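Visitor: missing the sequence, but the structure's below:
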């Protein structure tokens, strides 16, 4: 069993190293563009037990909690249906609730903020020399019923998902693969559209599936499409995420392309790392100052 310095009300990890030397080396070799399986030593943390998470969920604002049915297809249009349970009951009864739940921005709670920042500090020496200052650190906790599916989607953050309870299989696609997510879909997302993506059975040929057990982790690159299938028991996972100036530049360049397309142009898509897409990003920020333009 792991030994932790601190308690529920203070710093969460202390001197303990959660990402061991080999995992940090793997992460360094793949960051920022390669999905990579890692290991961690956070499985036994009391802040991540089910009852603690139910209490956290009830303390968070409604906009920081999302939960819905778990028996979903790989592709959905818009947000799935709710189950009718409260978030506390969903978590406490996740074994039978047929649900998928996420607690967003857990850093709103000081104890979870301490955990998030300590975890990111362990890998900061890899992140910042490559993509610059670590920006907008955020944490998300996922609680899923047996067999639950998180449909195909993408996210704007750099993300490491740490598996804590149960098992899951995450299938990740190459970021920027227009067969999975066309440029128009990226542009729509960065101007207020959904993150959920259309599914086609042919996509099975293009993804890489990672099997995750407690103690495993997975780095998922910015905007890499992915979906998740939960295993036969309830699952709890923690995502630690951050942004970089590069990721913000890509997002703004996509939004500017959306504007150009409205005026009949056919803009080239932003380029992936190490290109920075600074000119279009700057143009987008200027355009945002003009009312009604973006």
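Guide: Happy to help now that I have it. Bear in mind the structure is a predicted one, so any value in this text is a computation, not a measurement.
Visitor: C-alpha only now, for contacts and for neighbours.
Guide: Fine.
Visitor: so is the residue of the chain most remote from its centre in a helix, a strand, or just coil?
Guide: Residue farthest from the centre of the chain, counting by C-alpha atoms, centre = their mean, is residue 264 at 33.5 Å. Here residue 264 is coil, with the state taken from DSSP: H, G, I helix; E, B strand; the rest coil.
Visitor: What's the per-residue pLDDT of it here?
Guide: Note on residue 264: pLDDT of 95.
Visitor: Residue 278 contacts residue 251, doesn't it?
Guide: No: between residue 278 and residue 251 there is no contact under C-alpha atoms under 8 Å: 10.7 Å.
Visitor: Same drill for those two, tell me which one is more crowded.
Guide: residue 251 (24 against 17; other C-alpha atoms under 10 Å).
Visitor: nearest spatial neighbour of the more buried one, skipping sequence neighbours?
Guide: residue 190 (6.1 Å; C-alpha to C-alpha, 6 or more residues apart in numbering).
Visitor: show me what contacts that neighbour?
Guide: Listed by C-alpha atoms under 8 Å, 6 or more residues apart in numbering, the contact partners of residue 190 are 251-252, 254-255.
Visitor: pLDDT, secondary structure and distance to residue 294 added to the residues you listed, as a markdown table?
Guide: A markdown table is the format used below for the contacts of residue 190 (pLDDT from 0 to 100; DSSP: H, G, I helix; E, B strand; the rest coil; distance: C-alpha to C-alpha, whole Å):
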| residue | pLDDT | secondary structure | distance to residue 294 |
| --- | --- | --- | --- |
| 251 | 98 | helix | 13 |
| 252 | 98 | helix | 11 |
| 254 | 98 | helix | 12 |
| 255 | 97 | helix | 8 |
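Visitor: Of these, just say which sits nearest to residue 168.
Guide: For the contacts of residue 190, the residue nearest residue 168 by C-alpha to C-alpha is residue 251; the value is 29.1 Å.
Visitor: Please list all residues in contact with the closest one.
Guide: Counting by C-alpha under 8 Å, 6+ apart, residue 251 touches 156, 190, 281.
Visitor: elements contacting the one helix or strand the last one maps to?
Guide: Spelled out, it's residue 281. Taking DSSP states H and E as the criterion, residue 281 maps to helix 278-287. Packing partners of helix 278-287 (3 or more C-alpha pairs under 8 Å, 6 or more residues apart in numbering; DSSP states H and E): helix 245-262.
Visitor: in the helix it packs on, what counts as buried?
Guide: Buried residues in helix 245-262, counted by 16 or more other C-alpha atoms under 10 Å: 246-259.
Visitor: just stretch 225-240 next, same as before
Guide: Within stretch 225-240, judged by 16+ other C-alpha under 10 Å, the buried ones are 225-231, 233-240.
Visitor: out of the residues you listed, what pair is the most spread apart?
Guide: 225 and 233 (24.6 Å).
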